[in-house]
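Undergrad: Return a 3D structure for these sequence lines:
(one chain, ligands or ions: 2)
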Amino acid sequence: MVRGRISRLSVRDVRFPTSLEGHGSDAMHTDPDYSAAYVILETDAEDGLKGYGLTFTLGKGTEVVVCAVNALAHHVLNKDLRDIIGDFRGFYRQLTSDGQLRWIGPEKGVVHLATAAVLNAVWDLWAKQEGKPLWKLLVDMDPRTLLSCIDFRYITDVLTEEEAYEILQKGQVGKKEREGQMLMQGYPAYTTSCAWLGYSDDKLRQLCTEALKDGWTRFKVKVGADLQDDIRRCRLIRNMIGPEKTLMMDANQRWDVPEAVQWMAKLAEFKPLWIEEPTSPDDILGHATIAKALVPLGIGVATGEQCHNRVIFKQLLQAKALQFLQIDSCRLGSVNENLSVLLMAKKFEIPVCPHAGGVGLCELVQHLIIFDFISVSASLKNRMCEYVDHLHEHFRYPVVIKKASYMPPQDAGYSTEMKEESVKKHQYPDGEVWKKLLAA
Ligand SMILES: C[C@H](O)[C@@H](O)CC(=O)C(=O)O
Ligand SMILES: [Mg+2]
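TA: Ligands and ions are numbered 1, 2, ... in the order given. Coordinates of the predicted model:
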């Protein structure tokens, strides 16, 4: 079914000045401009279909990722899409094993973000050519083909291909019913939009009132910069949402390990379900220490949005360092690597609650988590996907939220395509929006 030779790869630096109003701000990223390195793949096929892919970045970081995408381009150009998909594991390895680029990774940092952008575009193109939304392409794919997309190198000590096959085989039971359930009810979400760290208490109050009216029942609040501020903000939000609704907290890596435990002991009265990224994302044993210390307080540890790759997720799982696993559609090596993490999480029975928000992350990750429910986890217990109410208007196929749930996308592809006029306006530094801002 797939067709065409990749004839062109272009990449653009697209930035949104979200920092101006404090959207997206947290204890470590006080002035985030939500941005994307945005990749477009064209083929010589007559259908004219293009593949769109992106990775999420912040402001200036985008130009470095754009550079890395260009450095990877030769792996994709002039390749037949059939050959890429026919040996997707091999292609993933080729990208992540480039003899010169791998030195500045491997499978982490800028070069891995660039890999994600390129591979996301390949998946979008594949799904478009098959005429299916990506989640449905994955759900309908036979388990052996699905596994042939995954690089199991470095994880076979916890998950072999045969074990993964068994998980997917078990997932076949009840699949139709779960797909029906998703189409009717959608995948449960939580909102982070009310309580960015840079928002005033008045704004927090106003947004929280609106979110409650819109039916949201799960909320995340940013913490970690100042304890007294945190206590005031958490009290405010807990009082507004009441004792029954779910509250999560996110420190974005602000603390040392003992500090995290002490700080959370002070915030425990607000009954958070989890503390997210309490310390460095690389500190696996630190997370384990925090997780153990917080058990008596009934607080779990969540992490993953800045987790480099499947190997770190493997160790977090082995070390019992997290109770909620947060995949990210643009930090890991695209769908390929995310599939391996979903399967490991299933084996360890740890709920996956994806990181979303940014620009485009909601659009992408909804496909992965809907697939996860239908074909892998078969459970909604303790599970929800993040939602952030920014920048969806720039996408050609924006997310649809109903009753605080993600409704499965119906259009073919990975929902990655942005509106051309939005890209033009926000391209850095020559888009209209930036020209004005830079002149001022
Ligand atoms: C800089 C980003 O907005 C970050 O704060 C997002 C995040 O941690 C989350 O959504 O979770
Ligand atoms: Mg976070």
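Undergrad: avg pLDDT for the helix or strand containing residue 111?
TA: Assigned by DSSP states H and E, residue 111 belongs to helix 109-130. The average pLDDT for helix 109-130 rounds to 98.
Undergrad: With stretch 386-393 instead?
TA: 98.
Undergrad: just to revisit the earlier point, please point out which parts of the helix holding residue 111 sit buried.
TA: Buried residues in helix 109-130, counted by 16 or more other Cβ atoms under 10 Å: 110-130. (Each C-beta comes from the backbone N, C-alpha and C, glycine too.)
Undergrad: Then stretch 1-9?
TA: Residues of stretch 1-9 classed as buried by neighbour count (16+ other Cβ under 10 Å): 2, 4, 6, 9.
Undergrad: gap between the two ends of that stretch?
TA: Using Cα to Cα, to the nearest Å, one end of stretch 1-9 lies 22 Å from the other.
Undergrad: all numbers from here: first residue = 17
TA: In the new count, where the first residue is 17, that last one comes out as stretch 17-25.
Undergrad: among the buried residues of helix 125-146, which are within reach of ligand 1?
TA: Taking Cβ under 6 Å from any ligand atom as the test, ligand 1 is in contact with none of those.
Undergrad: What residues sit buried inside the strand or helix carrying residue 244?
TA: Using DSSP H and E, residue 244 sits within helix 243-257. Buried residues in helix 243-257, counted by 16+ other Cβ under 10 Å: 246, 249, 250, 252, 253, 254, 256, 257.
Undergrad: Spatially nearest residue to the third one, not counting backbone neighbours?
TA: Right, residue 250. residue 286 (4.2 Å; Cβ to Cβ, 6 or more residues apart in numbering).
Undergrad: where does that neighbour land on pLDDT?
TA: The score at residue 286 is 98. That number is its pLDDT.
Undergrad: That one against residue 254, yeah?
TA: Yes - with contacts counted by Cβ atoms under 8 Å, residue 286 reaches residue 254, the gap being 4.7 Å.
Undergrad: Find the residues that touch each one of those two.
TA: residue 263 (Cβ atoms under 8 Å, 6 or more residues apart in numbering).
Undergrad: Which of the buried residues of helix 243-257 sits closest to ligand 2?
TA: Here the nearest of those to ligand 2, counting by Cβ to the ion, is residue 246; it sits at 15.2 Å.
Undergrad: Need the pLDDT of the closest one.
TA: pLDDT, read off for residue 246, is 98.
Undergrad: My guess is it contacts residue 254. True?
TA: No - with contacts counted by Cβ under 8 Å, residue 246 stays clear of residue 254, the gap being 11.7 Å.
Undergrad: and ligand 1, which of the buried residues of stretch 17-25 contact it?
TA: Answer for these near ligand 1: none qualify (Cβ under 6 Å from any ligand atom).
Undergrad: For stretch 97-109, report the contacting residues that lie outside it.
TA: The contact list for stretch 97-109 (Cβ under 8 Å, 6+ apart) reads 18-22, 59, 61, 91-92, 95, 135, 138, 141-142, 145, 164-167, 169, 349, 352-353.
Undergrad: buried stuff in that stretch?
TA: Result for stretch 97-109 [16+ other Cβ under 10 Å]: buried residues 97, 100, 101, 104, 105, 107, 108.
Undergrad: and what of stretch 308-327?
TA: 309-310, 313, 315-327.
Undergrad: Which members of those residues additionally contact ligand 1?
TA: residue 321.
Undergrad: quick one: which of the buried residues of stretch 308-327 sit in helices?
TA: Residues from the buried residues of stretch 308-327 lying in helices, with DSSP state H as the criterion: 309, 310, 326, 327.
Undergrad: my guess is the last one meets residue 173, correct?
TA: Spelled out, that is residue 327. No - with contact defined as Cβ under 8 Å, residue 327 does not reach residue 173; the gap is 10.4 Å.
Undergrad: which SS class is the most centrally placed residue in the chain?
TA: The centre of the chain sits closest to residue 344, judged by Cα atoms, centre = their mean, with a distance of 2.6 Å. What DSSP: H, G, I helix; E, B strand; the rest coil gives for residue 344 is coil.
Undergrad: Same question for residue 52.
TA: Applying three-state DSSP: residue 52 is strand.
Undergrad: Need the per-residue pLDDT for it.
TA: So, for residue 52, pLDDT stands at 98.
Undergrad: which stretch of helix or strand covers the nearest residue to it once chain neighbours are set aside?
TA: Distances taken as Cβ to Cβ, 6+ apart put residue 70 closest to residue 52, at 4.2 Å, once the chain neighbours are dropped. According to DSSP H and E, residue 70 maps onto strand 67-74.
Undergrad: Please identify the buried residues of the helix or strand just after that strand?
TA: Next helix or strand after strand 67-74 toward the C-terminus (DSSP H and E): helix 77-88. Buried residues in helix 77-88, counting neighbours by 16+ other Cβ under 10 Å, are found at 77, 78, 80, 81, 82, 84, 85, 87, 88.
Undergrad: helices and strands around helix 77-88, which ones?
TA: For helix 77-88, the elements it packs on are strand 22-31, strand 50-59, helix 125-146, judged by 3 or more Cβ pairs under 8 Å, 6 or more residues apart in numbering; DSSP states H and E.
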